[in-house]
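**Q** Below: sequence and its predicted model.
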Amino acid sequence: MNVIDAASPETILELKRVFAAPKALLFKVWTQPEHMVRWWGCADATKNEIQTDLRPGGAFSVRMELADGTIHRIWGEYREIAEPDRLVFTWSWKGETGFEGGDTLVTVTFEEVAGGTEVTLRHENFATVEARDSHGEGWGASLERLVGFLADL
Amino acid sequence: MDSLSETFQALADPTRRAILARLARGEASVSELSEPFDMSLPAVSKHLKVLERAGLIERGRQAQWRPCRLNAQGLKTAFDWVVEYRRFWEQSFDRLDAYLEEIQSKDASDERH
């Protein structure tokens, strides 16, 4: 069973990338639907419909159509909007394929660096957030051992 | 609560993670599991129920000795979402890169006219 990518056995997803564009523009394309529809989604997303209500507590919703004709819905609520530095929102995902992504939290930060803006994206499950907050710890060695167990299967 | 959140809720507790780590070495009975944790049998049973409901472990059928073992499929589900989201965001980032290039070169040519 090919379970998980051994190089990334985490329960929190963190991605960083430098984009050749000013920070203000990055924040704009991350928050305005007319820009978001042009890049959000998997490579095989053919059509996006996006609505956003950009204020703390405001909702956003995405209807993403994939090349195979399946419809995926992503929705959530803005938790923090600190233009142009930081954006925090909740995220739920349900696909016609039966895929359910759970209740998760996304934190995006924008930082000026040489050559443009570094975007750091952190995507985690609520329970992971709660565990970290209440126990003041990461998932620790026990979980890593489990990941090792899975990799051996 | 959706099933993935239930799985993560189960995983969020350090004792339950330690129980899972113990089971990664092989199946064990409730009393074997209770020893290293200095916990009563009912307390361990309670954790096991949560883990079983979350699909992270399976229990044997024998009435007397119901060995617990890891459910690989349940664990896989808990880790799979990261793989799925990594794909989503990496591909989005690729598209964002191309889109930023497109709108910025358009702005530059607009300025020239």
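**A** Received the coordinates, thanks. Residues are numbered from 1 along each chain as shown, chains lettered A, B, ... in the order given.

**Q** mind listing what the closest residue to A:Glu77 other than its chain neighbours touches?
**A** Excluding its sequence neighbours, the residue lying closest to A:Glu77 (CB to CB, 6 or more residues apart in numbering or on different chains) is A:Thr90, at 5.0 Å. Any C-beta I mention is one placed from the backbone N, CA and C, and that applies to glycine too. A:Thr90 sits next to A:Gly76, A:Glu77, A:Arg79, A:Asp103, A:Thr104, A:Leu105, A:Val106 when contact means CB atoms under 8 Å, 6 or more residues apart in numbering or on different chains.

**Q** what helix or strand is the second one on?
**A** Taking DSSP states H and E as the criterion, the element that holds A:Glu77 is strand A:71-82.

**Q** and the angle from whichever strand or helix holds B:Phe93 to strand A:71-82?
**A** Element membership of B:Phe93 [criterion: DSSP H and E] is helix B:72-112. Going by axes from the mean of the first three to the mean of the last three CA atoms, to 10 degrees, helix B:72-112 is angled at 70 degrees with respect to strand A:71-82.

**Q** how far is helix B:72-112 from where the chain is centred?
**A** Using CA atoms, centre = their mean, to the nearest Å, the distance from the centre of helix B:72-112 to the centre of the chain it belongs to is 23 Å.

**Q** Mind giving me the packing neighbours of the strand holding A:Glu77?
**A** Applying 3 or more CB pairs under 8 Å, 6 or more residues apart in numbering or on different chains; DSSP states H and E, one finds that strand A:71-82 contacts strand A:59-66, strand A:86-95.

**Q** Check whether the shortest one comes near chain B.
**A** Translated: strand A:59-66. No: judged by CB under 8 Å from any CB of the partner chain, strand A:59-66 makes no contact with chain B; its nearest approach is 9.5 Å.
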